[in-house]
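Colleague: pasting the sequence and the predicted coordinates here, then a few questions.
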Number of protein chains: 2
Amino acid sequence: MTQETAIKTVTVDLGDRTYPILIRRNLLETTGALIAAQVPGSRVVIITDETVADLHLGTLQTSLRAAAIEYDTLTVPAGEKTKRFEIFERLVDDILALRLERGDAVLALGGGVVGDLSGFVSGVVRRGMKFIQVPTTLLSQVDSSVGGKTGINSRHGKNLIGVFHQPSLVVADTAILDTLSDREFRAGYAEVAKYGLINDAPFFTWLEDNHSAIFAGGEERDEAVAHSCRAKAAVVAADEREAGQRALLNLGHTFGHALEGAVAYDSARLVHGEGVSIGMVMAFEFSARLNLCAPEDAVRVENHLKTVGLPTRISQIPGQLPPLETFMDLIAQDKKVSRGQLTFILARGIGQSFQEKAVDPAPLRDFLEEQLAQ
Amino acid sequence: MTQETAIKTVTVDLGDRTYPILIRRNLLETTGALIAAQVPGSRVVIITDETVADLHLGTLQTSLRAAAIEYDTLTVPAGEKTKRFEIFERLVDDILALRLERGDAVLALGGGVVGDLSGFVSGVVRRGMKFIQVPTTLLSQVDSSVGGKTGINSRHGKNLIGVFHQPSLVVADTAILDTLSDREFRAGYAEVAKYGLINDAPFFTWLEDNHSAIFAGGEERDEAVAHSCRAKAAVVAADEREAGQRALLNLGHTFGHALEGAVAYDSARLVHGEGVSIGMVMAFEFSARLNLCAPEDAVRVENHLKTVGLPTRISQIPGQLPPLETFMDLIAQDKKVSRGQLTFILARGIGQSFQEKAVDPAPLRDFLEEQLAQ
């Protein structure tokens, strides 16, 4: 791909909080100019992690200097443990010490951890600063860059503390994804596939036909990112605060979160996208079990995820797993539980997902028991 | 006043976040029923301070039990020092440990400190729980109960960390105000007078005629609270995020904050409302100095505030004050400063305030010097 390829723009339509997501290879080197156009006059504080800083911080800083944007940089350790209160407090204090104002911007350069943490920080300093995201993983480009969810973890669970805070600009450089490991790229791909499974069967078919070019970094990759952002943006615009339709985005996530909890969020054993991959297959199989969807659809979902190298079965998770009752508890603790009822996203077919607010625990338990025994 | 007096309702109109403020004597004892009607099905976690708990917690808990509302209670120390990160973190963790859900409510029983802290807590647990305010001071009934500002203090300044988070219901029991000290009641009254001075000259005249009944607890008190909430609600509805018109609510506050800063927020020397009282007189005198308003208006403002016993001059603040340059620094640090420019709310007369975004530092310095020398 050359730089001459046009920038793809996805507009997230949220009234006076509407913002653009700009997508193309090698956009990082023009981020300064994009900020100058979109968030004029702002000072910037970059938040990044040590791993990403080594690879991409220099390019970003050069582009900010070229656009005459004043900036400071705060670096946090890489990894999920960074999403905690102590680091949150330190960043808030550091930004206040820099005397940044409400019109200045926090820029998150990194994956989901940096994005979620920085978004929360920017949402509370002076009751809300501007926020710019430069997501560096496929997962954060297609998922956390849309929707305004921010947060940190608690000893009671993941992402339990945070705010909804929309960015002013998202710059998704798809060439950055060349630096990801295959495993990390695949994990993000699970969320791309999810958008097809929720409500867009033609997109799922397109993915079945084009996944190789997406992995290889062709223009199909840009298209997959743009299509995913557009899909999420449509859902978020209809339901910013997750009252209803937005819940569909949790397809595969209730099972997936339970699996992540079961391995104590040990990313050596299971990363989020892998949990979602297995979780989506489970959601379709459970739907088939309840006679909601054809068993062939569940098979087709599993086949595609397998083809790109994603795990699709609990048995593929290395190491010992906890017993059935622990899984049932983990599911009951999911933050989407409402007034004690088990809520799941189920499907009537590929592209035909829906929210079921009162799942019967008895068949769920039987289903889980079988899955664990496989 | 008897209980038979009708409840006054002020509706804060914010689209899907619209909420009512209910005002009357002895409303605390029916708070449970009001919550059951307005926020049905929610569990409640009360946050209060030790002083308020002694006086009013029992009445509230009885009313919740009468309405069959499940509740827990978290108590914090009284005083401004409670608005800090450590207590914020502890409350968030306590609420997560109670396994409350998004549809459950945090109820703030207390003054501004409890309200600001609890509002921030409710705004970040699970990215936003429901929030109910039962303000127990005149200041919090007429000011912090409207507008959704929440927050804690930082070593860099007051209220620098927080979110905008609207309550679902505010219950303002005006009989609770009988338990305030005269000094605390008067301090709240400064904000009541402010609403007249901003854009409502007839209300200021009404206050000049009716202040005795307001202080004595007559129905005029309910009317003054309702009128103030209505005034603030109108401004907030027009400008929820403080982009423009809402800035008018800062009349007297830039000077006032500087004075509070000058005594290091020592409430034995100066409480917020007293700072606002002196600050409003300064804003009118400075406006007269700039030939923006008639000197008689500044005199009239001072006379009324004096009549109710509020301080109106810097010289009334006990103890040593810092030199002029410190004041200039404190003013420059105010969080309403935008891109380095000095912004003040000035007036063309009583009820004719406006925002001046580029105040010339030279006459300001001269004016402050004189005020300090008085």
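Modeller: Sure thing, it's come through. As the structure is a prediction and not an experimental result, all values here were calculated from the model. Numbers count the residues shown, from 1 in each chain, chains lettered A, B, ... in the order given.

Colleague: for the spatially closest residue to residue A:176 that is not a sequence neighbour, give me its contacts.
Modeller: In space, not counting the residues next to it along the chain, residue A:176 is nearest to residue A:136; the distance is 5.0 Å by C-beta to C-beta, 6 or more residues apart in numbering or on different chains. Any C-beta I mention is one placed from the backbone N, CA and C, and that applies to glycine too. Residue A:136 makes contacts with A:52, A:55, A:56, A:109, A:110, A:111, A:173, A:176, A:177, A:179, as judged by C-beta atoms under 8 Å, 6 or more residues apart in numbering or on different chains.

Colleague: now the residue nearest to residue A:188 when sequence neighbours are not counted: how far from chain B?
Modeller: Spatial nearest neighbour of residue A:188, chain neighbours left out: residue A:138 (2.8 Å); criterion: C-beta to C-beta, 6+ apart. Separation of residue A:138 from chain B (C-beta to the nearest C-beta, to the nearest Å) stands at 24 Å.

Colleague: tell me the pLDDT of residue A:138.
Modeller: Here the pLDDT value assigned to residue A:138 is 98.

Colleague: same question, the one 5 residues further on
Modeller: If you check residue A:143, the pLDDT there is 91.

Colleague: dihedrals phi and psi, it?
Modeller: phi -120, psi -70 (degrees, to the nearest 10).

Colleague: is it true that residue A:6 touches residue A:25?
Modeller: No. Residue A:6 is not in contact with residue A:25 according to C-beta atoms under 8 Å; the separation is 11.3 Å.

Colleague: which residue of those two possesses the greater neighbour count?
Modeller: Shown here are residue A:6 and residue A:25; by other C-beta atoms under 10 Å in any protein chain shown, residue A:25 has more neighbours (21 against 9).

Colleague: ok, and the closest non-adjacent residue to that one?
Modeller: Using C-beta to C-beta, 6+ apart, the closest residue to residue A:25 is residue A:175 (3.9 Å).

Colleague: which residues touch that neighbour?
Modeller: Applying C-beta under 8 Å, 6+ apart, we find residue A:175 in contact with A:1, A:25, A:26, A:27, A:28, A:217.

Colleague: buried subset of those residues as a PyMOL selection?
Modeller: To isolate the buried ones among these in PyMOL, judged by 16 or more other C-beta atoms under 10 Å in any protein chain shown, type:
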select buried, chain A and resi 25+27+28+217
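
Colleague: need the worst-confidence member of the contacts of residue A:175.
Modeller: residue A:1 (44).

Colleague: which one is the residue nearest the centre of chain A nearest to, not counting chain neighbours?
Modeller: In chain A, the residue lying closest to the centroid (C-alpha atoms, centre = their mean) is residue A:143, at 3.3 Å. Sequence neighbours aside, residue A:191 is the residue nearest to residue A:143 in space, at 4.9 Å (criterion: C-beta to C-beta, 6+ apart).

Colleague: in chain A, which spans are helices?
Modeller: Under the criterion DSSP state H, chain A carries helices at the ranges A:31-38, A:50-52, A:58-66, A:85-97, A:112-124, A:138-139, A:182-199, A:201-216, A:219-238, A:253-262, A:272-289, A:295-307, A:324-332, A:361-373.

Colleague: mean confidence for the last one?
Modeller: Taken as a whole, helix A:361-373 has an average pLDDT of 93.

Colleague: do the same with the first one
Modeller: Within the predicted structure, the mean pLDDT of helix A:31-38 is 97.

Colleague: and chain A, what are its domains?
Modeller: With domains defined by automatic domain parsing, chain A comprises A:8-178, A:209-373.

Colleague: where among those is average confidence lowest?
Modeller: What stands lowest among the domains of chain A, in mean pLDDT terms, is domain A:209-373, with a mean of 91.

Colleague: kindly report the residues of chain A close to chain B.
Modeller: Contact residues (C-beta under 8 Å from any C-beta of the partner chain) of chain A with chain B: A:41, A:85, A:89, A:92-93, A:96-97, A:99, A:101-103, A:120, A:123-128, A:149-151, A:154-157, A:160-164, A:241, A:335, A:337-339.
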